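[1] Need the 3D shape of this:
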Amino acid sequence: MLIALSVSVACSEGEAPEDESHHPVILVGVDGLEWRVISEMIDDGELPVLTRLMKEGTFGKLKTMRPTWSPVIWTTVATGKIPRKHGIWGFTKEEDGKQRLFSNRDRKTKALWNIFSDLGRTVHSIGWWMTFPAEAVRGTMVAQTNTLAQLKSGAWKGSLVRGLPGQVTPPSFHDPVMEIAAEVQESLPELAKASFGEFEYPLSKAASDTWENGLWVFRADTIYLGVVEKLLASDGQPFDLMMIYFGGPDVVGHRFWRYAYPEEFDDPPTPEEQKDFSQVIRNTYSYVDRAIGHILDLVEGEPTVFIVSDHGMHAANREKTFPERRELFSGHHMNAPPGVLIASGKHIRRGSPDRSAATGDLPELGRVHDLAPTILALKGLPIGRDMDGVIMEAILDEGFLESHTPTFVETHDRPEWLDARPDELLTEEAERERLQQLRALGYIQ
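    Alright, predicted model coming up:
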């Protein structure tokens, strides 16, 4: 069940040019989306929305980078630049002898939402990595705060705290977003049951922890979807770019790979555990597929759609014995398996109808660096010559670049922009709790 709400959200003054307002770009970042799972589900007649987008557009592998840490890669997607330039090196940094979280204020170069806003275009960024504290944009930003002030309630990723500055811009949208979060929290058991069903057998301590520690990402994704629904269903204003992030496939891939592919492990789950958990990964992919379809149903005009993952996923700890009393990851991505790129819609080349989604049959269409310059080219906006990415010509309609000659500037960055970076910080308590979460996930020591 998807939540639908209706609250009017005021956009900044001004409109995109008439010929652009009907062709928005929708960039859906899906963490850890894996081609193997997509291929198997499509063969079984599942994932109807992704199947349609693939038939109507083009699809293939997206080359990623190492380390495959979400804040690094998703910032590269948003900026078109490598970490040395954008300034986000991982989850944490050493500062004044302490381990501190990277945040939006550490980014040293403009992202797509800054560039679009500066050039008079409307942009919405919902749940994207490294956006706390939220910036003033020509549109809306809901930051992935990860403040963990509600750790006691079991809510980790996507936590939103009423009254905490820096989570939402414009500030007038803060309370409506909090209402979405509260509604999702209240209805989470029913929403989870609708997507994942009920367990048939009692869960062991480790299995219960695995499930509870994965449910928070479903909560976060549902909140972000609710925000997008609100913007698209009730605002009615044209926009040029919408960026939305879903983290579910990565989280369940880490935790439930062993249940989906037990034959790959020396210590497979029990038949009862497999019965309860074997479909969690597929159910999560199906949820994301429905969410994307729901978003596209609400979008007016003729959009260009990008479905992007930062990396793939595969089995891990295959030869280990999985303990009964604590959680052990069975899926990982640290060797940088390629991500997913599905592009469809206005100005996107239609791929070969004979090409399947089988992993071995997929071409490499570009790199994570290449999304930003490609999106700028599609919208007729100048590309920074200091970007490390290039336009992915292979996915665009033949002749598009000849009829829409790309323009360039030396850089979109200015010293005064850096000086005006947002200065809100997490509280020390919230930062400690976030560090605790990252240690539990195995990302930091």
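[2] can we go C-alpha only for contacts and neighbour counts from here?
    Fine.
[3] How much space separates Leu50 from Val340?
    Per Cα to Cα, to the nearest Å, Leu50 is found 11 Å from Val340.
[4] Looking at those two, which is more packed in?
    Each of Leu50 and Val340 has its neighbours counted (other Cα atoms under 10 Å); Val340 has more, 31 against 22.
[5] Please enumerate residues in contact with the helix or strand encompassing the more buried one?
    Following DSSP states H and E, one finds Val340 within strand 339-345. The contact list for strand 339-345, computed with Cα atoms under 8 Å, 6 or more residues apart in numbering, reads 32-35, 50, 53-54, 56-64, 302-312, 350, 365, 395.
[6] Just the buried positions in the helix of greatest length in the chain, please.
    For the chain, the helix with the greatest residue count under DSSP state H is helix 205-230. Across helix 205-230, burial judged by 16 or more other Cα atoms under 10 Å covers 206-207, 210-211, 213-230.
[7] where along the stretch 151-300 of the chain do the strands fall?
    For the stretch 151-300 of the chain, applying DSSP state E, counting those that start in this stretch gives strands covering 168-169, 241-246.
[8] Under the pLDDT cut-off, which ranges of this structure? List them.
    Along the chain, the parts satisfying pLDDT under 70 run over 1-21, 145-159, 235-236, 325-326, 352-360, 422-445.
[9] For the spatially closest residue to Ile292 that is not a sequence neighbour, the count of nearby residues, please.
    Nearest residue to Ile292 in three dimensions, chain neighbours excluded: Val49, at 7.3 Å (Cα to Cα, 6 or more residues apart in numbering). Residues within reach of Val49, counting by other Cα under 10 Å, total 18.
[10] Can you verify Val49 is assigned to a helix?
    Yes. Counting by DSSP: H, G, I helix; E, B strand; the rest coil, Val49 is part of a helix.
[11] Hmm, Gly293 and it touching each other?
    Yes. In this structure Val49 lies within contact range of Gly293 using Cα atoms under 8 Å: 5.7 Å.
[12] on that earlier part again, helices or strands up against the longest helix of the chain?
    strand 123-126, helix 174-196, strand 241-246, helix 248-260, helix 280-298 (3 or more Cα pairs under 8 Å, 6 or more residues apart in numbering; DSSP states H and E).
[13] Tell me what angle the third one forms with helix 280-298.
    Between strand 241-246 and helix 280-298, the angle comes out at 160 degrees (axes from the mean of the first three to the mean of the last three Cα atoms, to 10 degrees).
[14] partner strands of strand 241-246, parallel or antiparallel?
    strand 25-30 (parallel), strand 123-126 (parallel) (DSSP bridges).
[15] Now intersect the contacts of strand 339-345 with the helices, please.
    35, 50, 53-54, 56.
[16] what is Lys61 paired to in the beta sheet?
    Note on Lys61: beta-bridge partners by DSSP bridges are Val340, Glu364.
[17] And for it, the neighbour number?
    If you count neighbours by other Cα under 10 Å, Lys61 ends up with 25.
[18] Surely it is in contact with Pro338?
    Yes. Using Cα under 8 Å, Lys61 is in contact with Pro338, at 5.8 Å.
[19] rewinding a little: to Lys275, which of the strands paired with strand 241-246 lies closest?
    Proximity of the strands paired with strand 241-246 to Lys275 was assessed by Cα to Cα; the nearest stretch is strand 25-30, lying at 26.2 Å.
[20] Need the strands paired with strand 241-246 in JSON lines (columns: distance to Leu188 and mean neighbour count).
    Shown next, in JSON lines, are the strands paired with strand 241-246 (distance: least, Cα to Cα, whole Å; neighbours: other Cα atoms under 10 Å):
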{"stretch": "strand 25-30", "distance to Leu188": "21", "mean neighbour count": "23"}
{"stretch": "strand 123-126", "distance to Leu188": "20", "mean neighbour count": "25"}
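[21] Save these as TSV, and put in distance to Ser234 too.
    TSV is the format used below for those (distance: least, Cα to Cα, whole Å):
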stretch	distance to Ser234
strand 25-30	18
strand 123-126	14
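[22] quick one: which of these is nearest Ile82?
    Of all the strands paired with strand 241-246, it is strand 25-30 that lies closest to Ile82, at 17.9 Å by Cα to Cα.
[23] Apart from its neighbours in sequence, what residue is nearest Val177?
    Of all residues not flanking Val177 in the chain, Val227 sits nearest, at 6.6 Å (Cα to Cα, 6+ apart).
[24] Tell me the spatial nearest neighbour of Thr51, not counting adjacent residues.
    In this structure, Thr51 finds its nearest non-sequential neighbour in Ile42, 6.8 Å apart by Cα to Cα, 6+ apart.
[25] which SS class is the one you found?
    With three-state DSSP as the basis, Ile42 sits in helix.
[26] tally of neighbours for it?
    Using other Cα under 10 Å: Ile42 sits among 16 other residues.
[27] Repeat that for the one 4 residues further on.
    Each residue near Glu46 was counted by other Cα under 10 Å, and the total is 17.
[28] Please report how far it lies from Phe218.
    As judged by Cα to Cα, Glu46 and Phe218 stand 20 Å apart.
[29] quick one: the strand holding Val340 to helix 48-56, angle?
    70 degrees.
[30] following the strand or helix carrying Pro71, which helix or strand shows up next?
    Assessed by DSSP H and E, Pro71 sits inside helix 70-79. For helix 70-79, the following helix or strand on the C-terminal side (DSSP H and E) is helix 83-86.
[31] I'd like to know which elements that following helix is packed against.
    Using 3+ Cα pairs under 8 Å, 6+ apart as the contact test, the elements touching helix 83-86 are helix 70-79.
[32] on that earlier part again, what would the helices and strands packed on helix 205-230 look like in CSV with distance to Val137?
    Output for the helices and strands packed on helix 205-230, formatted as CSV (distance: least, Cα to Cα, whole Å):
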stretch, distance to Val137
strand 123-126, 7
helix 174-196, 14
strand 241-246, 12
helix 248-260, 27
helix 280-298, 21
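[33] Let me see the contact set for Glu264.
    Here Glu264 is in contact with 258, 315, 318 (criterion: Cα under 8 Å, 6+ apart).
[34] element containing the last one, please.
    In this case it means Arg318. For Arg318, there is no host helix or strand (DSSP H and E).
[35] For it, which non-adjacent residue is spatially closest?
    Leaving aside its chain neighbours, Arg318 sits nearest to Phe265 (4.5 Å; criterion: Cα to Cα, 6+ apart).
[36] Kindly report the same for the first one.
    What sits nearest to Arg258 in space, not counting adjacent residues and going by Cα to Cα, 6+ apart, is Ser330, at 5.5 Å.
[37] what do you get for the second one?
    With Cα to Cα, 6+ apart as the measure, Gly331 is the residue that lies nearest to Ala315, at 4.4 Å, once sequence neighbours are left out.
[38] what about that neighbour, how many neighbours?
    For Gly331, the tally of surrounding residues (other Cα under 10 Å) stands at 21.
[39] Backbone dihedrals for it, please?
    Note on Gly331: its backbone torsions stand at phi -140, psi 150 [degrees, to the nearest 10].
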